Each structure stands twice: as structure tokens, then as C-alpha cells.
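Undergrad: give me a 3D structure for the following:
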Amino acid sequence: MTDEQGKSASDDERDGDAVDIVPLDAAGMHSPLEIPDFDDLVRPVKLRRRRPAVSTVIGSVVAIVVVIAVVAAVVMLKPFSAVHASDYSAAAQQTSTMAKQYQNTTVALDEALQFLYSQDSSYSADKVKTLKAQASKLGRSVDAFADLRAVKDDDVAAAYSTYATQARHFVRLSENLADSAKPLSAMVTACSTTPSGTMYDDDFYTKYEQYISTCKTAAGALDNVKAQVVAEFSGTLTTTLDQMSDVIAQMKAIGSPSSYSTGSEQGQQLQDLSSQLVDLDTSYGAVNTFQDQLSQARENADPTALLNRLNTAIQQGYASTGKK
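TA: You can find the predicted model right below:
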């Protein structure tokens, strides 16, 4: 044994048990440089599944749905809320229809009330029926405008609202005059001809009293009609007839004009009262007055000026779309 060997042996002995060194090529040992088997590398590794909380999943889904709904609303509603040139064109076509229906209604109204303007005309149930049908057409054409997309334009909507109020007023006036036509015609027949003759005729007072009674009955039938202009005329006519009755009563109280000379006080009073009867003309003078009142009522209900304003609003809206 050499000195080095002896020294190593002595050291090993000092450390206690001897250490056995196993060769790397011994059975069951693998070298650190050995390549692993391919099947071991590609074999799937089972991992533990972790599921998110149910509340988290539901919250996420709801949030996604809300976002989708908001986006869809913005995308879909924005183009549909706008008023396009074609919408204004449709509105202009409808105002043309309304203007035509108004014109047709005025013609039908003139025809139905022709007896007020011509002695050769009389009440016609067919003409009244035509007037009612035409007024209804006008009303429907006015209402139809409200369904157009152009009313989404605030200026058009405001102009239409004002026009529609006036147009519907004219429709009601036309319908009410149609319902008043028959009793109005009867009034014209009963009141259009005052008694002829002079106060020196024996039947002068009798004829006037009969005329006043007949005319007053006809006028009374107009008291409750829906057309205000007719009802007001009925009240005025009745007041005039009462005044005529009062004049006749005063003349009868004085006595027969044949009993007095023209220059006497009683004769002069009779002449003055007779002149008052002429001034209280309930025939054509009264009818002419009613014609004027009726013309004014129709003019007040005429929606033409407001329709022109509506057309202006439509034209401005159309121009705002960039169309020319």
C-alpha cells in the first residue's frame, strides 16, 4: 500500500461508514443525457377543471345582451327617425288631396243651399246627402295626414295641427248646415213673401197676423239646429217677427185708417207704423242678411290660408334634405 492509498483509507475510516460508488451503467440507472421516450412526451396530461361562478356567467351574458341591444337600437332607430325627401313629397301630395277635397266640399255646400240664392231652387235630399259624403271625405283626408312620416318634423307637425283644427271646424260646419238645410228651406218658403196691399185693405191686419204666425213657426224649428249661424239667424228672425206683431197691435189699437184723415194725428201715426212694417222686412231682406252671415261663417272656417302655411313648412323640410 502506498502512502496515498493509506492516507485515503485512513480518511474514509475517520468519516465513519464506507461510501459505495455505483457505476452509471449499472442496472436501473439512467444517464442525465438520455432522451425521454416519445410516447411519454405526447401523452395528454389531465388537468383539474375550474368552473367560474354561476353569477359571473349570468352577469357576463346580461352585459353582452344589453350592449348588443343598445348598439342595435342606435343603428336601427337613427335612420328610421329621420324624415327623408320622399316623406316630404308624400306630405305634399296629401295636402294637394286635402285642397281638392275642400274645394269639392264648398261646391257641394253651394249646391245643397242653392234655395237660399235662387227662387227656382228648393230643398234637395240628394244634394244634402252628397254634401255629407263630401264633408266626410275631407275629414278623412285631413286625418290621413297624421299618419305620414313628415309629421316627425316639428315645424310640419305644428303647421298641420293648426290646419287640422280649422279644417275639422269647416267639416263640422258643412255637416251641420246639411242637417239644417230642410228646416232652413221651410223657413225661406214661409217667410220669403210678406203680405201685399196697404193698410187701407180690410184684410191687411189678418194677412199680416197669419204671415207672422207661419213664419215664426218655421223660424222656431231652427232654434236647436247644430249650425250656430242658422240658430242665431232664427233668434234674430223671431225677434223681428215679435216687433212686427207689436206694430200690428198698435195699428189695430188706433183703428181703421179710413176713419182718419191723412193729416190727422191718428192718420200720421198709422202712416209711421206702416213704414215700420216695411223696414222690418222679413222676406228677402232677412234672407239677404242671413246670406251675408253665412258667407262670413264660411270664410271664418276656411282652412286655405293655414294649408298654405303647412305647404311652406313641407317645402322647407324638403329643401333641408339637400334635394332640389
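Undergrad: quick one: buried residues of whichever helix in the chain runs longest?
TA: For the chain, the helix that runs over the most residues, judged by DSSP state H, is helix 154-191. Buried positions in helix 154-191, judged by neighbour count with 16 or more other C-beta atoms under 10 Å: 156, 159-160, 163-164, 166-168, 170-171, 173-181, 183-188, 190-191. Every residue, glycine included, has its C-beta placed from N, CA and C.
Undergrad: ok, now stretch 287-302?
TA: Neighbour counts over stretch 287-302 (16+ other C-beta under 10 Å) mark 287, 289-290, 294, 297-298, 301-302 as buried.
Undergrad: now, the residues you listed that are in helices?
TA: Counting by DSSP H, the buried residues of stretch 287-302 place 287, 289-290, 294, 297-298, 301 in helices.
Undergrad: which one of the residues you listed is nearest V83?
TA: A301 (30.0 Å; C-beta to C-beta).
Undergrad: now the closest one: closest residue in space that isn't a chain neighbour?
TA: F170 (4.1 Å; C-beta to C-beta, 6 or more residues apart in numbering).
Undergrad: just L177 next, same as before
TA: A227 (5.0 Å).
Undergrad: quick one, what contacts the one you found?
TA: A227 makes contacts with 173, 176-177, 179-180, as judged by C-beta atoms under 8 Å, 6 or more residues apart in numbering.
Undergrad: okay if I get the residues you listed as a markdown table plus pLDDT and distance to F233?
TA: Formatted as a markdown table, the contacts of A227 follow (pLDDT from 0 to 100; distance: C-beta to C-beta, whole Å):
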| residue | pLDDT | distance to F233 |
| --- | --- | --- |
| L173 | 98 | 14 |
| N176 | 98 | 13 |
| L177 | 98 | 12 |
| D179 | 97 | 15 |
| S180 | 96 | 10 |
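Undergrad: which one among those residues gets closest to F145?
TA: When the contacts of A227 are compared for distance to F145 (C-beta to C-beta), L173 comes out closest, at 19.8 Å.
Undergrad: my guess is that closest one contacts A301, does it?
TA: Yes. In terms of C-beta atoms under 8 Å, L173 counts as a neighbour of A301; the distance is 5.0 Å.
Undergrad: per-residue confidence at M29?
TA: At M29, the pLDDT value in this model is 47.
Undergrad: should've said E209
TA: For E209, the predicted pLDDT is 94.
Undergrad: gap between it and C215?
TA: 11 Å (C-beta to C-beta, to the nearest Å).
Undergrad: between the two, which one's more packed in?
TA: Neighbour totals were compared for E209 and C215, and C215 leads with 25 against 16 (other C-beta atoms under 10 Å).
Undergrad: what residues of the helix or strand hosting that one count as buried?
TA: Using DSSP states H and E, C215 sits in helix 204-220. Within helix 204-220, the residues scored as buried using 16+ other C-beta under 10 Å are 204-205, 208-209, 211-212, 215-216, 218-219.
Undergrad: dump that helix to PDB, restricted to CA.
TA: The C-alpha trace of helix 204-220 is given here as PDB (Å, rounded to 0.1, in the frame of the first residue of the first chain):
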ATOM      1  CA  PHE A 204    -154.500  93.900 -44.200                       C
ATOM      2  CA  TYR A 205    -154.100  93.000 -40.500                       C
ATOM      3  CA  THR A 206    -155.400  89.500 -40.900                       C
ATOM      4  CA  LYS A 207    -152.900  88.700 -43.600                       C
ATOM      5  CA  TYR A 208    -150.000  90.100 -41.600                       C
ATOM      6  CA  GLU A 209    -151.000  88.200 -38.500                       C
ATOM      7  CA  GLN A 210    -151.200  85.000 -40.400                       C
ATOM      8  CA  TYR A 211    -147.900  85.600 -42.100                       C
ATOM      9  CA  ILE A 212    -146.200  86.300 -38.800                       C
ATOM     10  CA  SER A 213    -147.600  83.200 -37.200                       C
ATOM     11  CA  THR A 214    -146.500  80.900 -40.100                       C
ATOM     12  CA  CYS A 215    -143.000  82.500 -40.400                       C
ATOM     13  CA  LYS A 216    -142.500  82.300 -36.600                       C
ATOM     14  CA  THR A 217    -143.300  78.600 -36.500                       C
ATOM     15  CA  ALA A 218    -140.800  77.900 -39.300                       C
ATOM     16  CA  ALA A 219    -138.200  80.000 -37.600                       C
ATOM     17  CA  GLY A 220    -138.700  78.200 -34.300                       C
END
